[in-house]
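Peer 1: need a 3D model of the following:
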Amino acid sequence: FHYLKNEFLLENRDGAIQGLRELIDSGEMGMDVRLKGKCYLQLGKWLKEQMTEVNETDCLEIEKAFKYATELSSDRCNTWHYYGLINFEMTHHYDRMPKGSTLAEDVEENIDYHLLNAIQGFIKSISLANRISLQDILRLLTLWFKLGDRKSVQSTFPDGMDQ
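Peer 2: Numbers count the residues shown, from 1 in each chain. Sure thing, here's the model as predicted:
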């Protein structure tokens, strides 16, 4: 794992990403759960760093890595922070799409999906953090003020605030 981090820092980014994918795949049976969660988190961070613009294909792969990280390390605030962050970016990506297109219904479903995941990620990140996470609070407020009129948000916020 540390060797791959070094490779990434030394600009062998594609090789490091591929090596981390192989490490995750080969470690199915013997790898510690927390280490595997850390590997998924690092994979998502590297993929996000490599992304030049927000696009659906790359973001879904990154979201998947962060989702696995939250499942394997659900008590770490940074896994939830990154999960919330990628979903925050995807929410804004879909929200900027033209509303009158034939795919409008799919866009609305995607906004709801990523919006709820972003809210969940930020609420969990804030609740698990040892110190105040101002950036996550501001992002959560941005979502609330911008898209808070959606039914999915109205039902999520009261539940999340109980945490």
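Peer 1: looking at this structure, which helix is longest?
Peer 2: Using DSSP state H, we find that the single longest helix of the chain is helix 104-128.
Peer 1: packing partners of that helix?
Peer 2: helix 56-72, helix 77-95, helix 134-147, helix 151-161 (3 or more CB pairs under 8 Å, 6 or more residues apart in numbering; DSSP states H and E). (Each C-beta comes from the backbone N, C-alpha and C, glycine too.)
Peer 1: and for the longest one, what's in contact with it?
Peer 2: In other words, helix 77-95. With contact meaning CB atoms under 8 Å, 6 or more residues apart in numbering, helix 77-95 is reached by 37, 41, 44-45, 48, 54-56, 59, 62-63, 66-67, 69-70, 73, 107, 110-111, 114-115, 117-122, 124-126, 128-130, 133, 136, 139, 143, 146-147.
Peer 1: returning to what we had before: looking at the helices and strands packed on helix 104-128, which is buried most?
Peer 2: helix 77-95 (a mean of 22; mean count of other CB atoms under 10 Å).
Peer 1: quick one: that helix to helix 134-147, angle?
Peer 2: Helix 77-95 and helix 134-147 meet at an angle of 30 degrees, taking axes from the mean of the first three to the mean of the last three CA atoms, to 10 degrees as the criterion.
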